[in-house]
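Undergrad: Next input, structure requested:
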Amino acid sequence: MCLPSRNNASPLATVAAESARLFALTGATRHRDRAEAIFASVGTEVRNHPIAHASLLSAVRLFERPVRILLRGTPEGARSRALLREIARTPIPGRVLALAGPGEKGPAGFPLANASLTDGESVAQVCVGTTCLAPAATPTDLADRLQRAVSMAA
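TA: Prediction:
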């Protein structure tokens, strides 16, 4: 798939970022292929004028080293809400957040995706690229994992 180069790459940057996000979340190759096609189609232009294409460069970073977060548990539960507050407090550009209830499978690529949880239990897992950190069950543990993820993604 070859896409024409454009002077205003913002629409392409949006599609590239969303394709990268969907690939990080689902692992579906069609999303990877779409992002790669966009990057290839504007590569020379971006190399020659990187400041004019900051959004595309941000999409490349998201594609190459996504910070993926899986929250498993009852969304309305107190522990899940506390973990979500911690995720919201930590600025991570381009993070990808997936939620999975107690009886649901999480997205592929998370070791925690198919773990069974007891009633009321909530746990989060943070992955950078293909490296996943240990699950976190408390906001304090999650804050530590998120800070480590920020360092790893830099």
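
Undergrad: how about the strands of this protein, start to end?
TA: Under the criterion DSSP state E, the chain contains strands at 67-72, 96-100, 123-128, 131-132.

Undergrad: what residues does the shortest one touch?
TA: Residues external to strand 131-132 that are found in contact with it (CB atoms under 8 Å, 6 or more residues apart in numbering): F110, P111, L112, Q125, V126, M152. Heads up, the C-betas are built off the backbone N, CA and C, glycines and all.

Undergrad: on that earlier part again, mind giving me JSON lines with the strands of the chain and columns for distance to D33?
TA: Listed next are the strands of the chain as JSON lines, based on distance: least, CB to CB, whole Å:
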{"stretch": "strand 67-72", "distance to D33": "19"}
{"stretch": "strand 96-100", "distance to D33": "18"}
{"stretch": "strand 123-128", "distance to D33": "22"}
{"stretch": "strand 131-132", "distance to D33": "24"}
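
Undergrad: nearest to V15, of the ones you listed?
TA: strand 96-100 (16.1 Å; CB to CB).

Undergrad: so the residue positioned nearest the centre of the chain bridges to which residues?
TA: In the chain, the residue lying closest to the centroid (CA atoms, centre = their mean) is V96, at 2.7 Å. For V96, the beta-bridge partners under DSSP bridges are R68.

Undergrad: Pull out the buried residues from stretch 47-62.
TA: Using 16 or more other CB atoms under 10 Å as the test for burial, stretch 47-62 gives H53, S55, L56, S58, A59, V60, R61, L62.

Undergrad: residues contacting the first one?
TA: If I follow you right, that is H53. A9, A13, V42, E45, V46.

Undergrad: ok, 10 Å please
TA: Neighbour list for H53: N8, A9, S10, L12, A13, V42, E45, V46, R47, A59, V60 [criterion: CB atoms under 10 Å, 6 or more residues apart in numbering].

Undergrad: before we move on, back to that, would you check which pair of the contacts of strand 131-132 lies furthest apart?
TA: Pairwise over the contacts of strand 131-132, using CB to CB, the maximum falls at L112 and M152, 17.7 Å.
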